[in-house]
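A.B. asks: Got a sequence here, can you model it:
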Amino acid sequence: MIALAPAAPAHAQALEKPKITIGVGGKSLFYYLPLTIALQKGYFKSEGLDVEVQDFPGGARALQALLGGSVDVVSGAFEHTITQQAKGQSIEALVLQGKYAGIVLGMSKAKAASYKSPADLKGMKIGVTAPGSSTNMFVNVLLAKAKLPPDSVAIIGVGATAGAVAIMKRGEIDAISNLDPVISQLESDGAIVPVVDTRTAKGMQDVYGSAYAAGCIYVPVDFSKKYPNTAQAIVNAMVHALRFIQQSTPDQIVAAVPTDYYTDRAQYKAALEKNIETYKHDGSIGIDAAQAVYRDLKSFDPQIQTVPVDVAKSFNMTFQQKAAQNYR
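C.D. replies: The predicted structure follows:
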């Protein structure tokens, strides 16, 4: 028996903004699975929320939509909360979706055979979901480890769907930085070999060396202040979704996902099993994880290097703490 009902629904208090729009950069990616579950299982509705999702080719586009006011909330990379603070934008993460980056750098078998370290990336054309997105920042982190600047490679936006698979297969790029199910499709078809893989604890340790914060729900700081009951309802739904993932079998999780998210159910399930560890947490972001992200951004981003950033202001766990008490 899974006890997931909250003791007191958030919408027992009137929601200041019951209709919200959430931006996401590739909704079918495993990076955003908790959002998908919250939508498909009706967790937002049970909190009194009417949610519309706008899907973009990458997280950087979702961020732009938030800054432009066309979406209220973003399901995206925690990195953006820090980069935007350096640019004078006050954005905060309210709940963690994944503790692993989940990003894979893949190459053709021929190129992978000669890959030894990030230094070998120099001069390559690398496909990412969108320039400026977490998949792009991941490449920058790898380059920084080899003391190479971001412009030592050519970054090409390929999206997060079948188009990305096709571009890699056609040989239009030398490598791809992307997530499942795109990566699992390319692996299954023999089109790539992963050379860096952060779907696992070992891969995360090799690249980042410490706790990390990846996918999250983030909002402008003013949103949380102006709509506290709404923010709580959003976080409740997301923590509820995390608990469902943690307490369900892979088959039950796959059954909750829209069938148009995959072409092969067995392949999708296998990819889920490779990513499942990232959801084993309570939705909280700790200062150590946030500082690790800041450290890595600082390794390649000139603005982060020159503008002071208060990492503690990049996340607000007030709502997560309340939600975690209700969903155990």
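A.B. asks: Show me where the stretch 201-328 of the chain has its strands.
C.D. replies: Using DSSP state E, counting those that start in this stretch, the strands of the stretch 201-328 of the chain run over 215-220.
A.B. asks: If you could redo that for the stretch 51-200 of the chain, that was the one I meant.
C.D. replies: Using DSSP E, counting those that start in this stretch, strands in the stretch 51-200 of the chain cover 73-77, 91-96, 104-107, 125-128, 154-157, 175-178, 193-197.
A.B. asks: The nearest residue to residue 181 once chain neighbours are set aside: neighbour count?
C.D. replies: For residue 181, ignoring the flanking residues on the chain, the nearest one in space by Cβ to Cβ, 6 or more residues apart in numbering is residue 271 at 5.3 Å. Just so you know, the C-beta spots here come from the backbone N, C-alpha and C atoms, and that holds for glycine as well. Neighbourhood size, residue 271 [other Cβ atoms under 10 Å]: 24.
A.B. asks: again with residue 147
C.D. replies: 10.
A.B. asks: sorry, back to before: quick one, what contacts the residue nearest to residue 181?
C.D. replies: Residues in contact with residue 271, defined by Cβ atoms under 8 Å, 6 or more residues apart in numbering, are 30, 180, 181, 183, 184.
A.B. asks: which stretches of the stretch 151-300 of the chain have low pLDDT?
C.D. replies: For the stretch 151-300 of the chain, no stretch is flagged by pLDDT under 70.
A.B. asks: Show me the helices in it, by range?
C.D. replies: 162-169, 182-188, 201-207, 221-226, 228-246, 250-255, 265-275, 287-298 (DSSP state H, counting those that start in this stretch).
A.B. asks: These into JSON lines, with extra columns for distance to residue 123?
C.D. replies: Shown next, in JSON lines, are these (distance: least, Cβ to Cβ, whole Å):
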{"stretch": "helix 162-169", "distance to residue 123": "18"}
{"stretch": "helix 182-188", "distance to residue 123": "22"}
{"stretch": "helix 201-207", "distance to residue 123": "21"}
{"stretch": "helix 221-226", "distance to residue 123": "41"}
{"stretch": "helix 228-246", "distance to residue 123": "40"}
{"stretch": "helix 250-255", "distance to residue 123": "40"}
{"stretch": "helix 265-275", "distance to residue 123": "30"}
{"stretch": "helix 287-298", "distance to residue 123": "23"}
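A.B. asks: Please state the mean pLDDT value computed over the helix or strand where residue 20 lies.
C.D. replies: Assessed by DSSP states H and E, residue 20 sits inside strand 19-24. For strand 19-24, the mean per-residue pLDDT is 98.
A.B. asks: Also stretch 320-328?
C.D. replies: 92.
A.B. asks: Also stretch 132-142?
C.D. replies: The model assigns stretch 132-142 a mean pLDDT of 96.
A.B. asks: Need the residues that contact that stretch.
C.D. replies: With Cβ under 8 Å, 6+ apart as the criterion, stretch 132-142 contacts 25, 31, 58-61, 63, 76-77, 79, 101, 103, 105, 118, 121, 126, 128-130, 150, 153, 155, 177-179, 196, 198, 207-208, 214, 296-297, 299-301.
A.B. asks: how much space between the residue lying closest to residue 99 once chain neighbours are set aside and residue 44?
C.D. replies: Spatial nearest neighbour of residue 99, chain neighbours left out: residue 281 (5.1 Å); criterion: Cβ to Cβ, 6+ apart. Using Cβ to Cβ, to the nearest Å, residue 281 is found at 21 Å from residue 44.
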